[in-house]
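Asker: What follows is a predicted structure for the sequence shown.
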Amino acid sequence: MARILTLTLNPALDLTIRLARLEAGEVNRSETMLTHAAGKGVNVAQVLADLGHQVTVGGFLGEDNPQAFDALIARRGFADAFIRVPGETRSNIKIAEQDGRVTDINAPGPQVSEQAQRALLEKLVQMAPGFDAVVVAGSLPRGVSPQWFQHLLAQLKNLGLKVALDTSGEALRAGLQAGPWLVKPNTEELAEALGNAPDAISQLHRLGVEHVVVSDGAAGVNWYRPGAALHATPPKVTVASTVGAGDSLLAGMLHGLLSGDIPEQTLLRATAIAAMAVTQIGFGISDDAQLARLESGVDVRTLTEQ
Ligand SMILES: Nc1ncnc2c1ncn2[C@@H]1O[C@H](COP(=O)(O)OP(=O)(O)OP(=O)(O)O)[C@@H](O)[C@H]1O
Ligand SMILES: [Mg+2]
């Protein structure tokens with residue numbers, strides 16, 4: 001069991017509304033409406049907890065609507081390292097229609113002041129010795145610059161933590177400069193961050209990134225370490241929802257790496273955990289026997305060309 005901190009700087013309340021058909025501009029009646037605490041670091045935390053790790057969740061949380069997060073933190077037994085900021089944590093609304101169409105409306109989060117950013121850094125300096133690794137995942141809230149984000153990652157690294165990064169765009173570009181221990185972009189995020197450079201992977205290794213885990217949806221995962229690379233092909237599964245697939249893959253990779261599993265087993269299990277996420281509306285490890293079946297359907301092989 002490892003002690004892991006996950007940081008979600010811009011968490012969200014996912015609000016899923018199901019209805020037969022959305023009529024724009026009309027009064028619509030929903031069949032069900034579900035709210036749950038989300039955000040990439042919070043999702044990773046839940047899968048890590050399923051895998052038996054001791055997890056602390058942190059980042060910034062709006063102080064006006066903490067109920068769903070407080071309930072999740074209590075239910076999962078997480079330690080709480082969130083800095084409360086004025087305002088409401090944003091809501092991401094998903095309108096799911098009977099024909100499978102999903103409309104997303106993502107709200108902006110609260111403005112995060114420099115004072116709150118300093119408070120988080122101070123808290124991390126105090127807490128760092130208690131952790132084996134830190135996951136920093138998701139987008140940046142309003143008020144947080146890519147430069148500050150890079151500084152945060154560099155500080156975490158200087159504090160001796162293994163830093164795993166999963167973000168996109170400007171935040172990814174800036175974060176990579178801090179040379180995190182592990183990154184998990186998908187193919188598009190990596191191409192966008194490094195401008196389709198043919199030597200993208202070696203650039204990352206030169207920046208000090210030891211583990212480059214590039215996910216590519218149903219096509220699987222490439223994992224590049226200096227001097228070694230593996231590819232995993234997931235089993236064919238019926239997709240219920242891909243929400244949390246990337247977060248599950250990241251949690252699975254951390255699990256194997258921090259447990260000292262051999263690389264092939266680490267990637268195989270992580271790929272099965274991600275496949276399990278897509279077979280359900282939510283994500284997480286609900287059924288060990290199903291996970292074992294999925295593991296037996298993963299193909300891991302050595303990548304020769306780099
Ligand atoms: N249809 C699928 N069948 C099996 N496995 C899948 C499927 N889609 C995704 N996965 C698994 O989940 C992993 C992560 O998916 P993906 O590359 O889409 O991540 P992502 O783009 O980061 O997603 P997220 O929206 O969660 O951030 C893939 O590498 C793969 O192992
Ligand atoms: Mg992702």
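Answerer: Arrived safely. Ligands and ions are numbered 1, 2, ... in the order given.

Asker: Look through the stretch 201-306 of the chain and state the residue closest to ligand 1.
Answerer: Nearest residue of the stretch 201-306 of the chain to ligand 1 (C-beta to the nearest ligand atom) works out as Gly246 at 2.5 Å. Backbone N, C-alpha and C define where each C-beta goes, glycine included.

Asker: could you pull out the strands for the stretch 101-250 of the chain?
Answerer: 102-106, 133-137, 162-166, 182-183, 211-215, 221-225, 228-233 (DSSP state E, counting those that start in this stretch).

Asker: Can I get the ones you listed in CSV including distance to Phe283?
Answerer: Below are the strands of the stretch 101-250 of the chain laid out as CSV (distance: least, C-beta to C-beta, whole Å):
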stretch, distance to Phe283
strand 102-106, 16
strand 133-137, 14
strand 162-166, 14
strand 182-183, 20
strand 211-215, 14
strand 221-225, 16
strand 228-233, 18
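
Asker: follow-up on the earlier one: how close does the spatially closest residue to the residue of the stretch 201-306 of the chain closest to ligand 1 that is not a sequence neighbour get to Val221?
Answerer: Residue nearest to Gly246 in three dimensions, not counting chain neighbours: Ser215, with 5.9 Å by C-beta to C-beta, 6 or more residues apart in numbering. Separation of Ser215 from Val221 (C-beta to C-beta, to the nearest Å): 5 Å.

Asker: Tell me the residues that contact both of these two, please.
Answerer: Leu249, Ala274 (C-beta atoms under 8 Å, 6 or more residues apart in numbering).

Asker: circling back to that earlier point, just give me the neighbour total for the residue of the stretch 201-306 of the chain closest to ligand 1.
Answerer: Applying other C-beta atoms under 10 Å, we find 24 other residues in the vicinity of Gly246.

Asker: Next up, the contacts around it.
Answerer: Contacts of Gly246 by C-beta under 8 Å, 6+ apart are Lys40, Asp166, Lys184, Asn186, Ser215, Ala274.

Asker: what's the closest non-adjacent residue to the residue of the stretch 51-200 of the chain found nearest ligand 1?
Answerer: Each residue of the stretch 51-200 of the chain has a distance to ligand 1, by C-beta to the nearest ligand atom, and the smallest belongs to Asn186, at 3.5 Å. With sequence-adjacent residues excluded and distances taken as C-beta to C-beta, 6+ apart, Asn186 is closest to Ser215, at 4.8 Å.

Asker: show me what contacts that neighbour?
Answerer: With C-beta under 8 Å, 6+ apart, Ser215 has these contacts: Lys184, Pro185, Asn186, Thr187, Val221, Ala245, Gly246, Leu249, Ala274.

Asker: Need the pLDDT of it.
Answerer: We have a pLDDT of 98 for Ser215.

Asker: For the protein, what lies in contact range of ligand 1?
Answerer: Contacts of the chain with ligand 1, taken as C-beta under 6 Å from any ligand atom, map to 186, 215-218, 220-221, 234, 237, 239, 242, 244-247, 249, 271, 274-275, 278.

Asker: run the last query once more with 5 Å
Answerer: Counting by C-beta under 5 Å from any ligand atom, the residues of the chain lying close to ligand 1 are 186, 215, 217-218, 221, 234, 239, 245-246, 249, 271, 274-275, 278.

Asker: Which residue in those has the weakest pLDDT?
Answerer: Taken together, the residues of the chain next to ligand 1 show their lowest pLDDT at Val239, with 92.

Asker: Asn92 and Leu258: what is the separation?
Answerer: 30 Å.

Asker: out of those two, which sits in the more crowded spot?
Answerer: Per other C-beta under 10 Å, whichever of Asn92 and Leu258 has more neighbours is Leu258, with 20 against 16.

Asker: Would you mind getting the angle between the helix or strand harbouring the more buried one and strand 228-233?
Answerer: In this assignment (DSSP states H and E), Leu258 forms part of helix 245-259. Orientation of helix 245-259 against strand 228-233 (axes from the mean of the first three to the mean of the last three C-alpha atoms, to 10 degrees) gives an angle of 140 degrees.

Asker: List the first helix or strand encountered after helix 245-259 toward the C-terminus.
Answerer: Counting by DSSP H and E, what follows helix 245-259 is helix 263-278.

Asker: Now that following helix: buried residues?
Answerer: Using 16 or more other C-beta atoms under 10 Å as the test for burial, helix 263-278 gives 263, 266-278.
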